[in-house]
Each structure stands twice: as structure tokens, then as C-alpha cells.
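Asker: Give me the fold of what follows.
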Amino acid sequence: MVQYSTHLDASFAALSDATRRGVLEQLGRSDASITELADKFHMTLTGMKKHVGVLEHAGFVTTQKIGRVRTCRLGRRRLEEEAAWIESYRQLWATRFDALDQVVEDLKRKEKIDG
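Answerer: Take a look at the predicted model:
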């Protein structure tokens, strides 16, 4: 059985949601409170807390509570492992498509000869 990194699972789960990607984009511009994020994305505080929790679990966001305000900022986690995984599959598919292109070209050549 193939073992995948739990980092990859958490990362792709976090990035699979458009709202969470939007939160990362927003936090890339400036830190924001959960209340500000909830307002911007027209969500309840509970809903935004859940999204931020998923992002925090993946290491993409850190939060800090000062008084009654929980401020969110981008985490230190980078996407090197995810990029390497994607690149390995990009290379695999590129090789397969190149081989398929060769088969198609061979069939076209044979068709011209036989035709």
C-alpha cells in the first residue's frame, strides 16, 4: 500500500475549498481578524472559525488571540512538498502524452503508406 504524507493530505484538503483559498489570498495582503474574514466572505463566525482551523492545521495560517480578538496571518508553511508531488505527476503525464503522440504519428504515417 502506498503511504502518502499527512502534510499533503492536510494541504490539499485545505486548498480544495474556494473560501479557504480566498482567505489565504486575503491574508497575503494583510492580517485580519476572524470577524473581518467572516464579514468579507459573508459567513458566520462559526463557519469562518472552521475554515481557519483547517488552514491552521495545514500550517498555512497562524492565529493569535489578544483580548477578545483572534487575529489571523499567513503561516510559515511553504508548498515545496506539494509542488514536488505535483511536478512528479506532471512529468509522468508529459511522458505518457509524448508516447501517445508518437503512436498517433506512427498511425498517420502507416495510413499514408497503406492509403
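Asker: show me the contacts for residue 57.
Answerer: The contact partners of residue 57, taken as CB atoms under 8 Å, 6 or more residues apart in numbering, are 10, 14. For glycine as for every other residue, the C-beta is placed from the backbone atoms N, C-alpha and C.
Asker: doesn't it fall inside a strand?
Answerer: No - note on residue 57: no strand contains this position according to DSSP: H, G, I helix; E, B strand; the rest coil, which reports helix.
Asker: roughly how far apart are it and residue 42?
Answerer: When CB to CB, to the nearest Å is the yardstick, residue 57 and residue 42 sit 24 Å from each other.
Asker: swap in residue 32?
Answerer: Applying CB to CB, one obtains 15 Å for the distance of residue 32 from residue 42.
Asker: And those two? Which one has more around it.
Answerer: Neighbours per residue (other CB atoms under 10 Å) separate residue 32 from residue 42, with residue 32 holding more: 18 against 8.
Asker: how many neighbours does the closest residue to the more buried one other than its chain neighbours have?
Answerer: Distance criterion CB to CB, 6 or more residues apart in numbering; nearest residue to residue 32, sequence neighbours excluded, is residue 72 at 5.8 Å. Using other CB under 10 Å as the criterion, residue 72 is surrounded by 24 other residues.
Asker: okay but residue 72 is in contact with residue 35, surely?
Answerer: No - the pair formed by residue 72 and residue 35 falls short of the contact definition of CB atoms under 8 Å, at 10.4 Å.
Asker: sorry, back to before: not counting whatever helix or strand the residue nearest to residue 32 lives in itself, show me its contacts.
Answerer: Assigned by DSSP states H and E, residue 72 belongs to strand 69-74. Applying CB under 8 Å, 6+ apart, the external contacts of strand 69-74 come out as 23-24, 27-28, 31-35, 37, 52, 60-65.
Asker: Could you tell me which helix of the chain is the longest one?
Answerer: helix 80-114 (DSSP state H).
Asker: How about that one, which residues are buried there?
Answerer: In terms of neighbour count (16 or more other CB atoms under 10 Å), helix 80-114 has its buried residues at 82, 85.
Asker: Show me what it is packed up against.
Answerer: In terms of contacts (3 or more CB pairs under 8 Å, 6 or more residues apart in numbering; DSSP states H and E), helix 80-114 is packed against helix 6-15.
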